[in-house]
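Enquirer: Just need the structure, nothing else, for what follows:
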Amino acid sequence: MTEIKKNRIGFYSGSFDPVTLGHTDVIRRAAHVVDTLVIGVGINPGKAPMFTEAERVAMLQLEVDAIAAVTGTRILVTTFTGLAIAAARTHNANIIFRGLRDGTDFDYEMQMSGMNGEMAPDIQTVFVSASPSVRHIAANLVRAVAIMGGDPSPFVSQAVLRRLKTKSLVKA
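Expert: Here you go, the predicted model:
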């Protein structure tokens, strides 16, 4: 009997403003579970991000290229507006990955998972608990550290740190 391998497509969304070591932790771990991983950069016209959508896509692409090479997973970076579940469906994803840092994230993500399950019962949500070394990292806190002149280097890659420096937010 011939084994039929189902193409597993995952979707991981966020604002990625900026891309943190927490984000890449989830991406790395999700890449081991799926054949293709689509990273969706959410564009919210009501928010003023630190980085443009093109900058966020470029930062992510640089980060995920190395992960794709190690895992053998095809990783695509794209933008979307509207609901993440709709973007996941557009890319034929059958899994949505969500990172969890703590109980607060869990409560919120459980509600979101329930809503998504009603709208798209064929797409499963998989929670990825953050590794202990990155559990404390949140993009909004990284932005705050950078804006207030602190050192965000423990929370982002060297490539993202260079981009933060170009924004004149981080002392050289």
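
Enquirer: by contact count, what packs against the longest helix along the chain?
Expert: Identified as the longest helix of the chain according to DSSP state H is helix 53-71. Judged by 3 or more CB pairs under 8 Å, 6 or more residues apart in numbering; DSSP states H and E, helix 53-71 is in contact with helix 21-31, strand 36-42, strand 74-80, helix 158-166. C-beta here means a position set from N, CA and C on the backbone, and glycine is covered the same way.

Enquirer: try it again with 6 Å
Expert: Contact partners of helix 53-71 among helices and strands, from 3 or more CB pairs under 6 Å, 6 or more residues apart in numbering; DSSP states H and E: helix 21-31, strand 36-42, strand 74-80.

Enquirer: in its sheet, what does the second one sit against?
Expert: The sheet places strand 36-42 alongside strand 9-14 (parallel), strand 74-80 (parallel), with pairing taken from DSSP bridges.

Enquirer: about what we covered before: so which of the helices and strands packed on helix 53-71 gets nearest residue 106?
Expert: When these are compared by CB to CB, helix 21-31 sits nearest residue 106, at 14.4 Å.

Enquirer: how much does that closest one deviate in direction from strand 74-80?
Expert: 130 degrees (axes from the mean of the first three to the mean of the last three CA atoms, to 10 degrees).
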